[in-house]
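Chemist: Below are the sequence and a predicted model; questions follow.
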Amino acid sequence: MDYSRQVNILVEYIKNGEKKKEEFKIGMEMEHLVLNKDTYEAIPYYGNKGVEGVLLELVNVGWQPEYEGKHLLKLIKKDSVITLEPGAQLEISIAPFSSLKKIKDIYFSFLDDLIPILNKRGMILAAIGYQPVTSISEIPLLPKDRYKYMFEYLGQRGKYAHHMMKGTASLQVNLDYMDERDYIKKIRVAYFLSTFIYMFFDNGPFFERNIFKDGSVRSLIWENCDNDRCGLIKGIFDENLSYKTYAEYILNTPAIITKKGEELFYTGNKLNKDIFNPDQYTLDEISHMFSMVFPDIRTKQFIEIRMSDSLPYPYNFGYLSMMKGLLYNQENLDNLYNKSLQFDELSYFSTKNDIKQFGLATIFRNKPIVDFFLNEILLPAKKGLAEEERDYINCLINLFNMEFPLKQHIINNYCSYKALDLEYCTLEGTLNVGECI
């Protein structure tokens, strides 16, 4: 294979994702857990009484079905798509818009379609980072070829890979970039922010039926999944970071699965560079390659920021607002980029280790990390937003002044009353949607 041509093709693919600044939009992908209302046990996929039956009912209210074999695994409605993660976690992907209000309206419409179906079935929709009651060994794998191959491969790579696939639920934010320079700034800043996001947007109070107090369970799981394709991308903090850095990262990562037309082929440890034919390929094949790596910040002709746990409304929109106010405001982006230039791979891992050891008592750059987060991240993000979007940041500031991270709300109640209460992260329809705690 001609490696230089392979690199150039992937670089061009990333370059084709560039947008004019006035065309910048923000997208949201949010995973949820479907649980039994009384026991908080996971609802499995299979059958009419499972998540499969819920999807079938959504077809009756206007969602268009897509099947893999005999199983319904995807639903499409204008500007949104419902898919399922390997443990039947339910994900809503909303098309990117410049307006957070438009995204909220679509999200609320999704809730209004889904919640009555779940209520009728004695189920709830929970915005929380990890299964509260059911062990992942008790959750059947979704009947999808991609997941079958990933389950086999990743299970040999990391002790918590299957926990990632079947137990976690996340909130992902998608952002545009203008050119390579803008891309470099946003990628580097997002990685600079990643340790803070894992800490302050930690909504995973459980791990395999036990309360998890010590750091972020999401961070722990991804650190023990597959070092080839997860976490920190080698070279992210180097001076020569570029589109080429990411293209070479893709090419030198084991493929696990390759895609030809509509068929998937298990390729295991073979590297993408040993498989990808630069003389005969489709854009769909390249897109598939880019989807088979899971770093904290991923490129897919947009920048996907992946560190946050699933969050209930309005904190999910607080998180979206924060990322928009920081990375789409040039003054904030430049300021954080300059701070990130003092941050290298060594300081990245040092900060992660300090957070694991000291939590909210961590000292970062000679000041309490909570002060840094409030004054250098939250408050500047608020200034970078339009007036009508700043209330979401206020919700985060209110929470910050009460109990951060969000999971502390559950832990405090559980430790005080010895009772599990997920009310704060249980989503309702528009008429009963939650507000700030």
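Modeler: Alright, I've got the coordinates.
Chemist: Mind listing residues that contact the strand or helix carrying Asn353?
Modeler: Here Asn353 sits within helix 345-358, counting by DSSP states H and E. Contacting residues not belonging to helix 345-358 are listed as 191, 195, 198-199, 214-215, 219, 232, 236-237, 362-364, 369 [CB atoms under 8 Å, 6 or more residues apart in numbering]. No exception for glycine: its C-beta is placed from N, CA and C like everyone else's.
Chemist: partners of the following helix or strand past it, with directions?
Modeler: Going down the chain from helix 345-358, the next helix or strand is strand 363-364, by DSSP H and E. On the basis of DSSP bridges, the sheet neighbours of strand 363-364 come out as strand 367-368 (antiparallel).
Chemist: Skipping adjacent residues, who's closest to Leu38 in space?
Modeler: If you look again at residue 38, you'll see it is Asp, not Leu. Nearest in space to Asp38, with sequence neighbours left out and distances taken as CB to CB, 6 or more residues apart in numbering, is Gly122 at 6.9 Å.
Chemist: quick one: that neighbour and Pro140, what's the gap?
Modeler: 20 Å (CB to CB, to the nearest Å).
Chemist: And Asn398, by the same measure?
Modeler: From Asn398 across to Pro140, the span is 40 Å (CB to CB).
Chemist: next one: Tyr160
Modeler: As for Tyr160, its distance to Pro140 is 19 Å (criterion: CB to CB).
Chemist: same check, this time on Arg218
Modeler: Taking CB to CB as the measure, Arg218 and Pro140 are separated by 22 Å.
Chemist: the more surrounded of the two?
Modeler: Neighbour totals were compared for Arg218 and Pro140, and Arg218 leads with 27 against 14 (other CB atoms under 10 Å).
Chemist: on that earlier part again, gap between the residue nearest to Asp38 and Asp284?
Modeler: From Gly122 across to Asp284, the span is 40 Å (CB to CB).
Chemist: cool, Arg146 as well?
Modeler: 14 Å.
Chemist: Same question for Gln131.
Modeler: Look at Gln131 and Asp284: by CB to CB, they are 33 Å apart.
Chemist: More neighbours: which of those two?
Modeler: Neighbour count, other CB under 10 Å: between Gln131 and Asp284, Gln131 has more, with 28 against 12.
Chemist: Excluding chain neighbours, what is closest to the more buried one?
Modeler: In this structure, Gln131 finds its nearest non-sequential neighbour in Gly167, 4.8 Å apart by CB to CB, 6+ apart.
Chemist: Next, the contact list for the one you found, please.
Modeler: Listed by CB under 8 Å, 6+ apart, the contact set of Gly167 reads 87, 130-131, 136, 139, 208, 221.
Chemist: Of these, keep whichever come out buried.
Modeler: A residue is treated as buried here by neighbour count (16 or more other CB atoms under 10 Å); on that basis the buried members of the contacts of Gly167 are 87, 130-131, 136, 139, 221.
Chemist: Next, give me the two most distant ones among these.
Modeler: In those, two members sit farther apart than any others by CB to CB. They are Ile139 and Ile221, at 14.7 Å.
Chemist: How about Trp63, nearest residue that isn't a chain neighbour?
Modeler: Spatially, and ignoring its direct neighbours in sequence, Trp63 is nearest to Leu75 (4.0 Å; CB to CB, 6+ apart).
Chemist: List the buried residues for whatever helix or strand that neighbour lives in?
Modeler: Using DSSP H and E, Leu75 maps to strand 71-77. Neighbour counts over strand 71-77 (16+ other CB under 10 Å) mark 72-75, 77 as buried.
Chemist: So which other helices or strands are in contact with it?
Modeler: Using 3 or more CB pairs under 8 Å, 6 or more residues apart in numbering; DSSP states H and E as the contact definition, the elements that strand 71-77 packs against are helix 51-59, strand 64-68, strand 80-84.
Chemist: Kindly calculate the angle that the strand or helix carrying Phe108 makes with strand 80-84.
Modeler: Assigned by DSSP H and E, Phe108 belongs to helix 100-120. For helix 100-120 against strand 80-84, the angle between stretch directions is 50 degrees (axes from the mean of the first three to the mean of the last three CA atoms, to 10 degrees).
Chemist: What helices and strands are in contact with helix 100-120?
Modeler: strand 26-36, helix 51-59, strand 80-84, strand 90-97, strand 123-126, helix 315-327.
Chemist: okay, now Glu239: neighbour count?
Modeler: Other residues near Glu239 number 6, with proximity taken as other CB under 10 Å.
Chemist: Ser99 too?
Modeler: When neighbours are counted by other CB under 10 Å, Ser99 registers 13.
Chemist: Could you do Lys244 as well?
Modeler: 16.
Chemist: Report all helices and strands that the helix or strand where it lies contacts.
Modeler: Lys244 is part of helix 243-251 when elements are defined by DSSP H and E. Taking 3+ CB pairs under 8 Å, 6+ apart as contact, the helices and strands that helix 243-251 lies on are helix 3-15, helix 180-200.
Chemist: just checking, next helix/strand downstream of the helix or strand of the chain with the lowest mean pLDDT?
Modeler: With mean pLDDT, DSSP states H and E as the measure, the helix or strand of the chain carrying the lowest mean pLDDT is helix 408-417 (a mean of 72). Downstream of helix 408-417, the next assigned helix or strand under DSSP H and E is strand 426-427.
Chemist: So what touches that following strand?
Modeler: Contact partners of strand 426-427, identified using CB under 8 Å, 6+ apart, comprise 32, 111, 115, 124-127, 312-313, 433-434.
Chemist: Return the list of strands paired to it, each annotated with direction.
Modeler: The partner list of strand 426-427 in its sheet, established with DSSP bridges, is strand 123-126 (antiparallel).
Chemist: Flag every buried residue along the partner strand.
Modeler: Of the residues in strand 123-126, those scored as buried under the neighbour-count criterion (16+ other CB under 10 Å) are 123-126.
Chemist: likewise stretch 15-22?
Modeler: Using 16+ other CB under 10 Å as the burial criterion, the residues of stretch 15-22 that qualify are 18-19.
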